[in-house]
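*Asks:* Dropping the sequence and predicted coords here.
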Amino acid sequence: MKVVSMISGGIDSPVAAYLMLKNGCEVIFAHFHSFPIVSRTSVYKTIQLVKILGKHRPSNILYLIPLGEIQTYLRTRVDPRYLVIFYRRFMFRIAEKIAEREGAEAIVTGESLGQVSSQTLPNMIVIEEAISIPVIRPLIGLDKQEIMDLAREIGTYEISIKPQEDCCTLFVPKRQITAAKLEKIKEMENQLPIEKLVKNALNKMERVVIEGS
């Protein structure tokens with residue numbers, strides 16, 4: 001089975017990818033970044049993480065997708081409380097396009113239930129609705145300590161905890177919706193040039209092959 005694993009550079013997503021690799025899946029990595037609005041730190045970290053995960057497979061494909069243009073566009077047109085949900089719906093759409101290109105059957109995320117506002121069950125349902133292929137969440141039933149223990153075990157923890165500017169936290173206020181309504185999201189999305197924004201991001205993304213360490 002081939003999957004597209006969204007990898008952020010944080011603790012959770014490399015562990016999710018590892019669990020898929022461990023179970024024999026072929027993993028294509030997709031990293032969303034906000035360069036040049038912020039530094040390329042998350043990109044450098046992600047490359048290191050993919051190299052470590054490459055121990056479980058000789059080489060790995062990594063897509064580097066710029067999300068900054070989409071974020072800049074949305075920040076002045078969407079209620080700030082919904083921004084992370086919109087970011088992630090766009091990320092899922094782009095990941096689905098990558099899956100189509102690579103012949104992958106599902107998208108993998110590092111989400112675990114209830115850790116942050118975008119990972120409440122109502123918000124997960126709303127976010128996932130943006131795409132038609134399955135979303136696999138290997139960490140869904142684990143708590144943070146269990147995830148950190150696994151990260152230490154596979155050697156990704158020390159890299160993951162290095163500071164970085166996460167694209168999903170860019171332009172986001174402290175107060176966020178925890179139970180978004182799909183009807184409300186679709187109403188707002190009707191005013192957005194979704195296909196154009198997705199196409200622009202796909203045209204600017206990089207595809208690189210990372211050799212395992």
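*Replies:* Ah, there it is.

*Asks:* Give me the distance between the two termini of stretch 95-109.
*Replies:* End-to-end span of stretch 95-109 (Cα to Cα, to the nearest Å): 11 Å.

*Asks:* Please tell me how far that stretch is from the chain's geometric centre.
*Replies:* Relative to the chain's own centre, stretch 95-109 is displaced by 12 Å; criterion: Cα atoms, centre = their mean, to the nearest Å.

*Asks:* That stretch: which residues count as buried?
*Replies:* Residues of stretch 95-109 classed as buried: A95, E96, K97, I98, A99, E102, A104, A106, I107, V108, T109 (neighbour count, 16 or more other Cβ atoms under 10 Å). No exception for glycine: its C-beta is placed from N, CA and C like everyone else's.

*Asks:* Show only the entries of the residues you listed found in strands.
*Replies:* Using DSSP state E, the subset of those located in strands is A106, I107, V108.

*Asks:* on that earlier part again, nearest to V135 among the buried residues of stretch 95-109?
*Replies:* Minimum separation from V135 among the buried residues of stretch 95-109 (Cβ to Cβ) is found for I107, which lies at 5.1 Å.

*Asks:* got the contact list for the closest one?
*Replies:* For I107, the contacting residues are 3-6, 92, 95-96, 99, 131, 133-136, by Cβ atoms under 8 Å, 6 or more residues apart in numbering.

*Asks:* Next, find the distance separating it from I37.
*Replies:* As judged by Cβ to Cβ, to the nearest Å, I107 and I37 stand 25 Å apart.

*Asks:* I figured L49 hits G10, correct?
*Replies:* No: applying Cβ atoms under 8 Å as the test, L49 and G10 come out as separate, 9.4 Å apart.

*Asks:* Neighbour count: the two, which is higher?
*Replies:* L49 (28 against 20; other Cβ atoms under 10 Å).

*Asks:* residues contacting the more buried one?
*Replies:* Contacts of L49 (Cβ under 8 Å, 6+ apart): I7, G9, P14, T156, I159, S160.

*Asks:* mind checking the SS state of the second one?
*Replies:* The one in question is G9. Applying DSSP: H, G, I helix; E, B strand; the rest coil to G9 yields a three-state assignment of coil.

*Asks:* Kindly list the main-chain dihedrals of it?
*Replies:* Phi and psi for G9, reported as degrees, to the nearest 10, are phi 100, psi -10.

*Asks:* I'd guessed K2 sits against R101; true?
*Replies:* No: K2 lies out of contact with R101 (Cβ under 8 Å); the separation is 11.3 Å.

*Asks:* Lowest pLDDT pick from the contacts of L49?
*Replies:* Lowest pLDDT among the contacts of L49: G9, with 85.

*Asks:* thought that residue was touching K45?
*Replies:* Yes: the criterion here is Cβ under 8 Å, and G9 meets it with K45 at 4.1 Å.

*Asks:* Would you map the helices across this structure?
*Replies:* Applying DSSP state H to the chain gives helices spanning 12-22, 41-53, 68-75, 83-102, 121-128, 144-154, 157-160, 182-189, 194-204.
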